[in-house]
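Visitor: Fold the following.
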Amino acid sequence: MGFPGTWMTQSESVVYRVVPKCACSTIGQIMYYSDHGSFYDGDIHDAEQGLHKWAMEDSQPVITDNVTAHRSYAFTCVRNPYTRILSSFFDKICGIQRNGKRYRGNLVPLLVQKYGIEVGSPEDGFEFDQVKSFRRFLLFARDTIRWRRPMEPDIHWSAMSGHISTFIVNGGRYDHIFWTEMFNEGMQVVLDNIPGANDVVLSEIPRFNESEGHGPKRAHPVEDYFDDLSMHLVYEIYKRDFNLFKYDFENPANKMPIGEIDLDEVHAKLGE
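Guide: This is a model prediction of the structure:
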């Protein structure tokens, strides 16, 4: 299976396992900058040079050799499951994508038809009942993850632990896992371990958010979207994420972690 979703600097100074909706655009740009002294001009997900990516065939043997020998510092980044699934809904379901179209073509019509979800449109200013539609989307996300119906789960809402485990199961080991909610502190640890890199001052780095500005703004606080049933569904989908990455399941309003991530526990539980 190899190392899907893995990026590595060309200099092989650092290895990163991408987790969608967890600051991956910003992290990719910082990695690019650390090698080249400039940011990639465009969305880093589109870059086909300047960075090794598992999706590029020529990069696969280089990444495999590095990761299996653990030659470089390896890390990933996680996010509160409540805010991550909300972000996926507003970006991928409600938003218009970079190509000017809806995400995955027929996905939104399917959701409208099968789950009664409304998403609004740029023409009506994205006016719709966000809470009601989001809760119906949660049912759909649960169905894709639990039963793989009416489609396979999408990388943007499948559990973080699933993404992170492939790296471990196939022979990799993480040196660091940090929280999006404490991005500068976590990313600084990574930068301190990148040898010979161009100096990156995190307080001056722009946040690269490829999903911003093409969909509705969230109209309510996070906790308003999650009633008792929604919380139950979120826990059913993301139980391992809450437990391993130390997020607060009991309180959707608290996006901050409530404990320290235990790397040994992560490797033991996700390496099975």
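
Visitor: Contacts only, for Leu111.
Guide: If you count contacts by Cβ atoms under 8 Å, 6 or more residues apart in numbering, Leu111 has them with 93, 117, 119, 136-137, 140. Every C-beta, even on glycine, is put in place using the N, C-alpha and C of the backbone.

Visitor: can we see that at 6 Å?
Guide: By Cβ atoms under 6 Å, 6 or more residues apart in numbering, the residues touching Leu111 are 117, 140.

Visitor: do Asp175 as well
Guide: 73-74.

Visitor: How much space separates it from Asn198?
Guide: 21 Å (Cβ to Cβ, to the nearest Å).

Visitor: Repeat that for Met1.
Guide: Applying Cβ to Cβ to Met1 and Asn198 gives a distance of 33 Å.

Visitor: And Gly50, by the same measure?
Guide: Gly50 is 13 Å from Asn198, by Cβ to Cβ.

Visitor: got a list of contacts for stretch 220-240?
Guide: Residues contacting stretch 220-240 (Cβ under 6 Å, 6+ apart): 81-83, 131, 134-135, 138, 142, 145, 159, 161, 249, 252-253.

Visitor: again, only using 8 Å
Guide: 81-83, 85-86, 130-131, 134-135, 138-139, 141-142, 145-146, 159-161, 242, 249, 251-253, 255, 269-270.

Visitor: Please spell out which residues along that stretch are buried.
Guide: Within stretch 220-240, the residues that count as buried by 16 or more other Cβ atoms under 10 Å are 222, 225-226, 230-231, 233-234, 237-238, 240.

Visitor: residues touching Pro257, list them.
Guide: 80, 179, 181-182, 245-248.

Visitor: could you dump the residues you listed to a markdown table with pLDDT, distance to Gly171 and neighbour count?
Guide: A markdown table is the format used below for the contacts of Pro257 (pLDDT from 0 to 100; distance: Cβ to Cβ, whole Å; neighbours: other Cβ atoms under 10 Å):
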| residue | pLDDT | distance to Gly171 | neighbour count |
| --- | --- | --- | --- |
| Asn80 | 98 | 29 | 26 |
| Trp179 | 98 | 25 | 21 |
| Glu181 | 97 | 30 | 16 |
| Met182 | 97 | 29 | 12 |
| Phe245 | 98 | 22 | 23 |
| Lys246 | 98 | 26 | 16 |
| Tyr247 | 98 | 28 | 25 |
| Asp248 | 98 | 33 | 16 |
